[in-house]
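Novice: kindly return the folded structure for what I paste below:
(one chain, ligands or ions: 2)
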Amino acid sequence: MIEIIKTKPYTDQKMGTAGLRKKTRIATQENYLENFLQSIFNTIPDLDKKSFLIGGDGRYYNKIAIQKIIKIAAANNVKKLYVGQNGLVSTPAGSHIILKNKLDGGFVLSASHNPGGLNGDFGIKYATSSGGQCQPSESEAIYNQTLAISEYKIADCPDIDLSHLTTLKCENTEIEIIDPYIDYIEMMKEIFDFPKLKKLATSGFRFVFDAMNGVTGPYGKRIFEQELGAPQGTVINASPLEDFGGLHPDPNLIYAKHLVDLMYSEAAPDFAAANDGDGDRNMILGQSFFVSPSDCLAILTDNYKLIPAYKNGIYGVAKSAATSMAVKRVADALNIGFYEVPTGWKYFIHLMDSNRITFCGEESFGAGASHIREKDGIWAVLFWLSIVADTRKSIKDITLEHWKKYGRSYYLRNDFEGIPQETADKLMADLEQKLPTLVGKTFNGFTVSEAEPFIYHDPVDHSSNKNGLVIRFTDGSRIVYRLSGTGTNGATLRTYIERYVTDKLLEDPEIMLRELSAAAHTISDVTARTGKTEPDIIT
Ligand code: VG1
Ligand code: CO
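Specialist: Ligands and ions are numbered 1, 2, ... in the order given. Just a heads-up that it's a prediction; the model follows:
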């Protein structure tokens, strides 16, 4: 039986940088999820021929949301649903499942690195047949549906047991409960040299993989401990928990402080890595050493030949505009293409589909390649392990050698959080207005050479998107400003600061960037406008 339920629009269902992300208490309002799902289905023709993936990072409300999605999909006559066992699928594994099975899209229930639980956040990443998240024009069409919706359809079948690998039916819709790990592990084996990695992992090399109680716990256990033979306990915080055990599953120096403290202590193993809640972000640490994500992308690119899947050559590389220029220097040296896109992985998809790039990354702890259409936390860890297996060098030495070869882009991101939306919008609009007047002016010793909004022209679909403001200085330093598109509490102003040097390779970024950070604050007028004298978060 299919019920048609009358509903009223919610006006806040516009997707941000990565899907719809809301406070759990908002997402659990009556008909909230139902409206959003029906709005998506309203934009897709011939649903009786379409198949979708459903999974998530295990956070609070996922179990309930998955049952709702199944019933709404069935009522809309969707052909088939692939559902991750126990409701789990990481964002990268989900992308692969969509591509491998030629599905028409998927729903990964995650607010990524945002905390979970009733007082945390909930989210939905909606992917299309591309294997990645929908394009801006598609999310616009969905948003328009959410503003006009008056009813949704839902099937009255019993809740589906997600714990067994079986196939069931709800109305005409076939529902297959799938193993979310096996295909992903196979893909990693095709990309990397597992026997070589196994030698490293069983040679006394000590490493820790921190899944932060997110979805990569079981992936990590299977890959690092079972396949590669690393000792039991190599993977920590390995069980996906609804509230991430109270962790903020964001792998950075602040929220993974426990791991950072370990790596800067006497007891530090040789290598440590962490992933975020849905498994697309990574953080890489060596003994008393942190690899900044922008450097990570540059170093991986420079070492592509060490990986079997890439040894015959790679296409170009791409980064988000906010990411440091480090990878550009590698691209130039390798004589491969280089692209700069707005923040958000969806902007890399066309570049990969058209064989313009093989690798891409973002400063926000994201790196990945064209094996899928999402960033991939475990891929990045396996890549680093491969570099270590080949060179037998420490993480610090690998990075230091890179800087000796290419110079170093000191890099920091300053986040000003919880700003009233109007204040933030005004700050950005006023700053954009005054950009032309900045050129030629000197701030704390840095002279502005160019100042302009970042506008991306997609070479494949020829769409244009504006994202953030860029100020370049005569010495190659840069400041980028943009507003976050993933927050759930007011607006967040992100200020990205970078300075390139070829000497002084081992200084403290905060010291190297002190003047430039101060210049960034002055230029944006952030203190007068928000009352904040310091950023809330520095990463
Ligand atoms: C942030 C990051 C961005 C990333 C996005 C989704 O977006 O800055 O680089 O692609 O999160 O990552 P924003 O708009 O808040 O700056 V995830 O792991 O949250 O899906
Ligand atoms: Co994520």
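Novice: can we go C-alpha only for contacts and neighbour counts from here?
Specialist: Noted.
Novice: got the residues of the stretch 301-450 of the chain near ligand 2?
Specialist: Taking CA under 5 Å from the ion as the measure of proximity, the stretch 301-450 of the chain makes no contact with ligand 2.
Novice: so where's the stretch 301-450 of the chain uncertain?
Specialist: Within the stretch 301-450 of the chain, no stretch has pLDDT under 70.
Novice: and the strands in it, which stretches?
Specialist: Counting by DSSP state E, counting those that start in this stretch, one finds strands in the stretch 301-450 of the chain at the ranges 316-320, 338-341, 357-362, 366-369, 408-419, 442-443, 446-457.
Novice: mind listing what's buried in the third one?
Specialist: The reference is to strand 357-362. By neighbour count with 16 or more other CA atoms under 10 Å, strand 357-362 contains the buried residues I357, T358, F359, C360, G361, E362.
Novice: chain center to that strand, what's the gap?
Specialist: Averaging C-alpha positions (CA atoms, centre = their mean, to the nearest Å) puts strand 357-362 12 Å from its chain's average.
Novice: picking up where we left off before, just so I know, which of the strands of the stretch 301-450 of the chain lies nearest G55?
Specialist: strand 366-369 (20.5 Å; CA to CA).
Novice: for the closest one, packing partners?
Specialist: Helices and strands touching strand 366-369, as assessed by 3 or more CA pairs under 8 Å, 6 or more residues apart in numbering; DSSP states H and E, comprise helix 293-302, strand 357-362, helix 377-391.
Novice: touching ligand 1 at all, it?
Specialist: No. Using CA under 6 Å from any ligand atom, strand 366-369 never reaches ligand 1; the gap is at least 7.0 Å.
Novice: distance from the chain centre to that strand, please.
Specialist: On CA atoms, centre = their mean, the centre of strand 366-369 falls 8 Å from that of its chain.
Novice: got the contact list for it?
Specialist: By CA atoms under 8 Å, 6 or more residues apart in numbering, the residues outside strand 366-369 that reach it are 280-282, 293, 296-297, 358-361, 374-377, 379-380.
Novice: rerun that using 7 Å as the cut-off
Specialist: 280-282, 293, 297, 358-361, 374-376, 380 (CA atoms under 7 Å, 6 or more residues apart in numbering).
Novice: ok, stretch 245-261 next?
Specialist: 113-115, 212-214, 274-277, 282-283, 539.
Novice: also stretch 32-51?
Specialist: 27, 76-81, 103-104, 142, 145-146, 149, 152.
Novice: just stretch 377-391 next, same as before
Specialist: Applying CA under 7 Å, 6+ apart, the set of residues contacting stretch 377-391 is 196-197, 200, 273, 275, 279-282, 306, 367-368, 394.
Novice: okay, and which of these map to helices?
Specialist: When these are checked against helices (DSSP state H), the matches are K196, L197, L200.
Novice: neighbours around Y82, how many?
Specialist: Under the neighbour criterion other CA atoms under 10 Å, Y82 is assigned a count of 24.
Novice: quick check on I98: phi, psi?
Specialist: phi -60, psi -50 (degrees, to the nearest 10).
Novice: how about it, what does it touch?
Specialist: L53, G105, S129, G131.
Novice: got it, and I124?
Specialist: Contacts of I124 (CA under 7 Å, 6+ apart): G19, L20, R21, F107, V108, L109, S110, A111.
Novice: between the contacts of I98, identify the one with the most neighbours.
Specialist: Highest count within the contacts of I98 by other CA under 10 Å belongs to L53, 28 neighbours.
Novice: ok, how many other residues are close to L334?
Specialist: Quick note: L334 (other CA under 10 Å) scores 13 neighbours.
Novice: and the chain, which residues reach ligand 2?
Specialist: S112, D278, D280.
Novice: can you rerun that using 8 Å?
Specialist: T91, S110, A111, S112, H113, D276, G277, D278, G279, D280, R281 (CA under 8 Å from the ion).
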